[in-house]
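Engineer: need a 3D model of the following:
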Amino acid sequence: MNKLSKSNKCYHQFILYCSAVLLVMMSSLVGLAAATEEDTSTKVTPVTLVKAIQKTMVLTTNVRGDIESPSAPHIAAKVSAEVVSMKVEEGMSVVEGQLLAELDNEAFKIDEESASADIQRMLVLIENQQRIIKRNKELIVKKMISQSTVDNAVTALKQFQAELSSARTKLKKARYQLSHTRITSPVAGVIQQRTVSKGDYVKPGTLLFHIVSTGKLRARLYFPDILVKSIDLGMRVTLIKGDKKVVGGVSSLRPMLEHGSRALHALVDFENEGNWRPGSSISAEVVLGEHALAIVIPERSLVRRPAGVVVYRLTGDKVSEQIVTVGMKQKGLIEVTSGVSVGDSIVLDGAAWLTDGARVQIMDAAL
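Structural biologist: All right, here's what the predicted structure looks like:
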């Protein structure tokens, strides 16, 4: 009996000890929960702010292109003759009408002189025949000659007149050929290529020179087919080559897309103030659209939440979560089409750590 009483007494003491420990642990947990609740209610997140402003937003795209010369004629011979002198070399600048080369013109001078002589001979014959016809008409009145004699004289006159017309045509042809023994430049530009030398015999169609006009140039831009509906005549284009820029407008569009690449070719004419060379590559920034007085904020102030894209707008020392819709982007800014008004204070840095109704501490403000 004594042993059993002692055992029961130990058991009761153990139960009392466990109850006391459990009581202490529960008290600690209650105190910790209360402290946590107090910390949460007083937590403040440091943030920076920006204000929503109005700004003209410009939607742009960048494409590649090539520089071309709108006038790059291949000059060919128009007569058969020997090249007797060359006046220019490749790389030389020329003006419109400048002499480039000379062909042997002796044969054409002879043809010109021969045609001139034939004209003079026919004029003499025609004048004499007209006198014969006049005299024959007087004689036929007196019935001294027959009508057939008069008719033959008139026929001879018409023949002489036809031969005069032929001689004049030969003279015109001789002078035309003679004029093309002097090869001149049809445009102002630079000699890209010279394909003949002094002493060469050329025929009509023989290529002599390739001249490239460089005063006014043309940019050929290649737009992907997804942008075809966005490209119109007159659209503003900034052509970029190195550190130089030229502003122009789309002057013409090809009606069909390029086979294979399905690119739309757009042409931009511009003055060559930067001394650019035809054949070189460029990039171009094209303005696809403009929104005047758009409401804009920095793009990094946006936060993606399950409900959508949101911003945190400051009210007092707390923020409210606001779902927004957005539009154009430009250099780190983004257009807000709904959900934000001009002048609203929007959280910039720290927005990702916020929830609706959170308290904040303003560390800085930016425009």
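
Engineer: does the spatially most central residue of the chain belong to a helix or a strand, and which?
Structural biologist: Central residue of the chain (C-alpha atoms, centre = their mean): Leu221, 4.0 Å from the mean position. Using DSSP states H and E, Leu221 sits within strand 216-223.

Engineer: now swap in Phe160 and tell me
Structural biologist: Short version, using DSSP H and E: Phe160 is in helix 147-179.

Engineer: after that helix comes which helix or strand?
Structural biologist: strand 182-184.

Engineer: so for that next one, what gets flagged as buried?
Structural biologist: Ile183 (16 or more other C-beta atoms under 10 Å). C-beta: built from backbone N, CA, C; applies to glycine.

Engineer: nearest residue to the residue nearest to the centre of the chain in space, please, no chain neighbours.
Structural biologist: Among residues not flanking Leu221 along the chain, Gly65 sits closest, at 4.0 Å (C-beta to C-beta, 6 or more residues apart in numbering).

Engineer: quick check, that neighbour in a strand?
Structural biologist: Yes: applying DSSP: H, G, I helix; E, B strand; the rest coil, one finds Gly65 inside a strand.

Engineer: I'd say it and Ala219 touch.
Structural biologist: Yes: between Gly65 and Ala219 there is a contact at 5.0 Å, judged by C-beta atoms under 8 Å.

Engineer: overlap in contacts, these two.
Structural biologist: Counting by C-beta atoms under 8 Å, 6 or more residues apart in numbering, the common neighbours of Gly65 and Ala219 are 239, 268, 282, 284.

Engineer: the last one should be in a strand, yeah?
Structural biologist: Pointing back at Ala284 there. Yes: according to three-state DSSP, Ala284 belongs to a strand.

Engineer: please renumber the chain so that the first residue is 392 from this point on.
Structural biologist: I'll keep to 392 as the first residue from here, and by that count the last item is Ala675.

Engineer: who's in contact with it?
Structural biologist: With the criterion set at C-beta under 8 Å, 6+ apart, Ala675 makes contact with 453-456, 610, 612, 628-631, 659.

Engineer: mark which of the residues you listed are buried, thanks.
Structural biologist: Counted by 16+ other C-beta under 10 Å, the contacts of Ala675 give 454, 456, 610, 612, 628-630, 659 as buried.

Engineer: got these as JSON lines, with distance to Ser476 and pLDDT columns?
Structural biologist: JSON lines is the format used below for those (distance: C-beta to C-beta, whole Å; pLDDT from 0 to 100):
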{"residue": "Val454", "distance to Ser476": "47", "pLDDT": "94"}
{"residue": "Gly456", "distance to Ser476": "41", "pLDDT": "95"}
{"residue": "Ala610", "distance to Ser476": "38", "pLDDT": "95"}
{"residue": "Leu612", "distance to Ser476": "43", "pLDDT": "95"}
{"residue": "Val628", "distance to Ser476": "45", "pLDDT": "92"}
{"residue": "Thr629", "distance to Ser476": "46", "pLDDT": "93"}
{"residue": "Leu630", "distance to Ser476": "41", "pLDDT": "95"}
{"residue": "Val659", "distance to Ser476": "40", "pLDDT": "94"}
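
Engineer: which stretches of this protein aren't confidently modelled?
Structural biologist: For the chain, residues meeting the criterion pLDDT under 70 lie at 392-433, 755-758.

Engineer: picking that back up, beta partners for the residue nearest to Leu612?
Structural biologist: Leu612, Ile673 (DSSP bridges).

Engineer: hmm, back to that, right, and the residue nearest to the centre of the chain touches His656 too?
Structural biologist: Yes: Leu612 lies in contact with His656 (C-beta under 8 Å); the separation is 7.3 Å.

Engineer: Lys632 and Val603: what is the separation?
Structural biologist: To Val603, Lys632 is 17 Å away according to C-beta to C-beta, to the nearest Å.

Engineer: likewise Leu655?
Structural biologist: According to C-beta to C-beta, Leu655 stands 26 Å off from Val603.

Engineer: next one: Val532
Structural biologist: Distance from Val532 to Val603, by C-beta to C-beta: 74 Å.

Engineer: now swap in Asn543 and tell me
Structural biologist: 64 Å.

Engineer: now do Ala565
Structural biologist: Here Ala565 is placed at a distance of 33 Å from Val603 (C-beta to C-beta).
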